[in-house]
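Undergrad: pasting a predicted model and its sequence here:
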Amino acid sequence: MLQNEETLQLIKEAQNGSDEAKTLLLYHNLPLIKSIVRRYKNKQIEYDDLIQLGTLGLIKAINNFDTSFGVRFSTYAVPMIAGEIKRFIRDDGAIKVSRSIKAQSQKINAFIEEYRHIHQKDPTISEIAEEFDIGEQDVVFTLDSSKYPVSLYTENDEDGLSLIDRLSAKGCQDDEIDKIIIKDLIKNLDERDKKIIYLRYYRDKTQSEIARELGVSQVQISRLEARIIEKLKKELV
């Protein structure tokens, strides 16, 4: 990765039309793109296509980055890269669930709930098929459609939010992005500080567990962690 000053200079040159500067930025930020792409593998999209999407996100970040933001370029670029991939999966994913199937699924589920309330048991597939005048295979398909992994990216008709957006709002996505950013920052720490951050945030160990491993007290680890985090915050600006 480039030093922050080198990155800012290349961004200025790229925004002024330098293809060479843009190529250098793409080359040196390829590890960052790959680290984000790894999170989206196994979603029926080729790895090379994911890299291209990540590259497109990085180019957008280069074109739109403003040094007055007061953050490192990598901090700004990560959500841009991830967003480009997410949009493709959401809008152009291989599996789509149509509105008619979703509507049919809601009706079937409502019927199941009503049947369960009246009869104190679930209806059989054949009873559902008879109620809706469809084949038993169609019943199974309709009910299973709501379980497809890609439905994570299907927007809710009421508020326009997908399930993955709701999860992101709870911090899951931000946590992963934070880890990528932190990984870029801790390179300049000494070995002890680097190990503390690695064990704490990548191995999910408690302060007490780290203290035992390093042969110090939990209070010392708490103080060291606070000092390291403060140092990393200053690196972001």
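TA: Received, thanks.

Undergrad: rest of the way, CA atoms for contacts and neighbours
TA: Will do.

Undergrad: output the below-cut-off pLDDT ranges for this structure.
TA: Filtered on pLDDT under 70, the chain yields the residue ranges 1, 42-44, 90-99, 137, 140-141, 144-185, 202, 233-237.

Undergrad: tell me the domain boundaries of it?
TA: Per automatic domain parsing, the domain ranges recorded for the chain read 4-94, 99-168, 189-236.

Undergrad: and residue 41, how far is that from residue 113?
TA: 37 Å (C-alpha to C-alpha, to the nearest Å).

Undergrad: those two - which one has more neighbours?
TA: Legend: neighbour count by other C-alpha atoms under 10 Å for residue 41 and residue 113, higher for residue 113 (15 against 12).

Undergrad: contact partners for residue 2?
TA: Residue 2 is in contact with residue 28, counting by C-alpha atoms under 8 Å, 6 or more residues apart in numbering.

Undergrad: please redo it, this time with the cut-off set to 10 Å
TA: For residue 2, the contact set (C-alpha atoms under 10 Å, 6 or more residues apart in numbering) comprises 8, 10, 24, 25, 28, 29.

Undergrad: spatially nearest residue to residue 11, not counting backbone neighbours?
TA: Leaving out its chain neighbours, the residue that sits closest to residue 11 by C-alpha to C-alpha, 6 or more residues apart in numbering is residue 62, at 6.1 Å.

Undergrad: tell me which element the one you found is part of?
TA: helix 47-64 (DSSP states H and E).

Undergrad: do residue 13 as well
TA: Going by DSSP H and E, residue 13 is in helix 4-15.

Undergrad: can you name the next helix or strand after that helix?
TA: Next along the chain after helix 4-15, taking DSSP H and E as the criterion, comes helix 19-28.

Undergrad: buried stuff in that following helix?
TA: Buried positions in helix 19-28, judged by neighbour count with 16 or more other C-alpha atoms under 10 Å: 21, 22, 24, 25, 26.

Undergrad: same deal with stretch 5-19?
TA: Using 16+ other C-alpha under 10 Å as the test for burial, stretch 5-19 gives 7, 8, 10, 11, 12, 14.

Undergrad: try stretch 197-209
TA: 197, 198, 199, 200, 207, 208, 209.

Undergrad: what two of these are the furthest from one another?
TA: Spanning the widest gap among those are 198 and 208, at 14.6 Å by C-alpha to C-alpha.

Undergrad: now the helices for this protein?
TA: With DSSP state H as the criterion, the chain has helices at 4-15, 19-28, 30-37, 47-64, 73-92, 99-119, 125-132, 136-145, 163-169, 172-185, 191-201, 207-214, 218-236.
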